[in-house]
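**Q** curious how this folds, go ahead:
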Amino acid sequence: MAHHVKILNIANVTHDVKRITVQKPKDYHFIPGQATEVAVDKDGYRDKKRPFTFTSLPSNHHLEFTIKIYPDHNGVTDEIGMLEEGDGLILDDAWGAIEYKGPGTFIAGGAGVTPFISILNHLRADQQINGNRLIFSNKTSDDVILEKSFRQMLGENFVSTLTQEQKEGHEQRRIDKEFLKNHISDFSQNFYVCGPDAMVEDINKQLEELGANADALVFEE
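**A** Model prediction:
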């Protein structure tokens with residue numbers, strides 16, 4: 001079902017990521033971690049849908065998306081990056097395979113962290129954040145979405161690693177098998193993995209080789 005909504009607020013999160021708050025249709029429901037297809041309510045774009053994850057809480061009176069803008073792609077996200085408050089979006093109903101199944105380690109690459117924003121904020125609101133960790137990989141420190149929020153929420157259970165910059169408070173290396181062995185002592189826990197397809201495939205394979213149960217790997221297939 002298509003839902004036509006107006007943009008209520010747009011805020012910059014990083015140099016290329018925006019938080020877009022929109023109206024919440026009546027009786028609209030989603031589970032933290034889920035996404036929906038989004039189109040710009042403008043001629044030439046209404047049939048160009050792209051998936052974006054909700055980063056608000058189900059209890060909020062609005063819906064929120066945290067979207068990385070790619071101005072050089074000349075596509076939907078570029079058009080979204082030029083939208084203003086009052087402009088319209090078209091949303092489908094919620095869908096997605098990423099949802100919380102119990103304490104574990106969240107592993108994200110870049111904008112792949114967005115499904116975890118709602119999940120972790122929901123756990124914090126319910127005072128169930130303990131026992132969860134986030135390992136977050138980005139190119140540079142300027143690319144880290146909601147770093148301050150994650151550090152406040154998770155403390156030592158937030159691990160940031162950068163692939164193209166050395167900076168205090170962050171590790172500098174890719175998430176590979178050696179990295180996982182160094183940072184994870186229990187591979188019988190739940191793992192939530194989201195990022196570029198190749199990264200998700202590699203990490204899932206490495207986690208299984210290190211003893212993780214395939215049924216305990218949660219990711220968007």
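**Q** list the buried residues of the longest strand along the chain.
**A** Criterion DSSP state E: the longest strand present in the chain is strand 3-14. Across strand 3-14, burial judged by 16 or more other Cβ atoms under 10 Å covers His3, Val5, Ile7, Ile10, Val13, Thr14. C-betas here are computed from N, CA, C, even on glycine.
**Q** what is it packed up against?
**A** If contacts are counted by 3 or more Cβ pairs under 8 Å, 6 or more residues apart in numbering; DSSP states H and E, strand 3-14 sits against strand 17-23, strand 62-68, strand 88-91.
**Q** what does that strand rub up against?
**A** 18-25, 28, 41, 62-63, 66, 83-93, 142-146 (Cβ atoms under 8 Å, 6 or more residues apart in numbering).
**Q** rerun at 7 Å
**A** 18-23, 25, 28, 41, 62, 66, 83, 85-91, 142-143, 145-146 (Cβ atoms under 7 Å, 6 or more residues apart in numbering).
**Q** now it, how far from the centre of its chain.
**A** 16 Å (Cα atoms, centre = their mean, to the nearest Å).
**Q** neighbouring strands of that strand in the sheet, and parallel or not?
**A** Using DSSP bridges, the strands paired with strand 3-14 are strand 17-23 (antiparallel), strand 88-91 (antiparallel).
**Q** so it versus strand 62-68, what angle?
**A** 50 degrees (axes from the mean of the first three to the mean of the last three Cα atoms, to 10 degrees).
**Q** ok, back up a step: give me the buried entries from the contacts of strand 3-14.
**A** Here, 16+ other Cβ under 10 Å leaves 18-23, 28, 41, 66, 83, 87-91, 143, 145-146 buried among these.
**Q** can you redo the strands paired with strand 3-14 as TSV with mean pLDDT and distance to Asp215?
**A** What follows is the strands paired with strand 3-14, written out as TSV (pLDDT from 0 to 100; distance: least, Cβ to Cβ, whole Å):
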stretch	mean pLDDT	distance to Asp215
strand 17-23	97	33
strand 88-91	98	31
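**Q** in a strand, Ile119, correct?
**A** No - looking at Ile119 with DSSP: H, G, I helix; E, B strand; the rest coil, it is helix, so not inside a strand.
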